[in-house]
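Novice: sequence unknown, structure follows:
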């Protein structure tokens, strides 16, 4: 039997999608029949037997298409790569409501993802955020202002003070709350701290909150917390791109703790951020010998979908990996395994003594210098070029520093090493000064060497203390530049 030319050019499932879209997914049988007749049966030469055959095939495709719609609506089997790729490129931010507060913040509710709660109720969600434009903006080559998306960690929310910090650095900034909360403290804050529950009041349009460590993995992907968190970050970026005075090409992303995990995850889904700064948090959580490894054992949703290491190599823009040497949550080798997957340039800053926390994270000066230099010169200002360990117990770390527009001095180089196995946050570290050489033939290159490295060392890295003079030449600020972690 000769197949009609109209039929061969239309896939049955695609045709069904067209039908459903024509009527907003709520369709009438008469419209379906009319559409089929115009598409397939316009030619009188078509036989009755073919018409019967076509109807069977079309309605089979129709049922398949309806099933696909149901999967999209419930979140079952959703392709997160395709979904977030489309969201990153095509989405237009929808502001549900906004108001200017007395503290100067613009309080926003952005449109979020649909969410089906455990009772089966489907609802729309909103994303609470705080936004502010700086009084003294940094200017990009286009004459506009760079922007930042800020993502909190566990126990946090959209923080006004964090927005202020980035405003002081010259960036417009939006801080998003990724657990359906506001920035109003919970009614019983002390009880919330004791029970490790959400410390902020939730709003009426809230979606899912974080359930432990990917403990909602039994839910459809579209109803899992990480799906909503990633979506919230991308939607916040689109809010910034819609502002006329913000440079769309210079929007950065940073997150602290769990926000660092979210940042690492978003980097793999949306490569359009000009730069990224994960603080503490990273990927490869299931390999860390602490509560993360215990919780993620056998968790297929994390291992197959949400592991940042699966996609972070897609990210080609610069990044800074800032952390505390003795962090008990996120291990240095897990962080190293994450940044070593990257395609683009990255800097590392491993700081002893800063501890773990939101304010402790955003108070570190390395983030702001890194971001300003990316906007101004388009490249990382400090980079670990190589780390080598020779059989004689010699360690060598090579660095490159490019601060053409600033006066600086490398004041000191130290090596940090440990022989302890297990999580690096529980290790006992030894710190010692190294020899520092500056090859005259290569401006900005520094080589640190240490000749007494014990043979049983498990991990080591080298820190440079770089003293930089600010633009007004009034005061100096010290920045920590680290080599990559070397592990045996």
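Specialist: Here it is on my side, so go on. Quick caveat, the model's predicted, so the values are computed rather than measured. Numbers count the residues shown, from 1 in each chain.

Novice: pLDDT weak spots in the stretch 51-200 of the chain?
Specialist: Within the stretch 51-200 of the chain, the ranges that satisfy pLDDT under 70 run 51-77, 188-198.

Novice: What segments of it are helices?
Specialist: Ranges of helices within the stretch 51-200 of the chain are 80-90, 160-168, 189-195, based on DSSP state H, counting those that start in this stretch.

Novice: Can you say which of these is nearest to residue 332?
Specialist: Taking C-beta to C-beta, helix 160-168 is the member of the helices of the stretch 51-200 of the chain nearest to residue 332, at 24.5 Å. Just so you know, the C-beta spots here come from the backbone N, C-alpha and C atoms, and that holds for glycine as well.

Novice: any residues touching that closest one, and which ones?
Specialist: The set of residues external to helix 160-168 that reach it, using C-beta atoms under 8 Å, 6 or more residues apart in numbering, is 103, 105, 130-135, 148, 150, 152, 172-175, 183, 358-359, 362-363, 368.

Novice: Distance check, residue 470 against residue 143.
Specialist: Noted for residue 470: a distance of 23 Å to residue 143, by C-beta to C-beta, to the nearest Å.

Novice: re earlier: buried among the contacts of helix 160-168? Make that a PyMOL selection.
Specialist: Under the burial definition 16 or more other C-beta atoms under 10 Å, those of the contacts of helix 160-168 that qualify are selected in PyMOL by:
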select buried, resi 105+130+131+132+133+134+148+150+152+172+173+174+175+183+358+362+368
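
Novice: show me what contacts residue 460?
Specialist: The contact partners of residue 460, taken as C-beta under 8 Å, 6+ apart, are 389, 395, 415-418, 453, 485-486.

Novice: follow-up on the earlier one: more neighbours: residue 470 and residue 143, which one.
Specialist: More neighbours surround residue 470 than the other of residue 470 and residue 143, with 12 against 8 (other C-beta atoms under 10 Å).

Novice: Look up the closest residue to the more buried one, ignoring the ones flanking it.
Specialist: With sequence-adjacent residues excluded and distances taken as C-beta to C-beta, 6 or more residues apart in numbering, residue 470 is closest to residue 477, at 6.5 Å.

Novice: again with residue 326
Specialist: Nearest to residue 326 is residue 425, by C-beta to C-beta, 6+ apart, at 5.4 Å.

Novice: my guess is the one you found is in a helix, correct?
Specialist: Yes - per DSSP: H, G, I helix; E, B strand; the rest coil, residue 425 lies within a helix segment.

Novice: Tell me where the stretch 151-300 of the chain has strands.
Specialist: Secondary structure of the stretch 151-300 of the chain (DSSP state E, counting those that start in this stretch): strands at 172-176, 181-185, 200-202, 246-256, 275-279.

Novice: name the helices or strands packed onto the shortest one?
Specialist: Packing partners of strand 200-202 (3 or more C-beta pairs under 8 Å, 6 or more residues apart in numbering; DSSP states H and E): strand 181-185.

Novice: List the buried residues in the strand it packs on.
Specialist: Neighbour-count burial for strand 181-185, counted by 16+ other C-beta under 10 Å, picks out 181-183.
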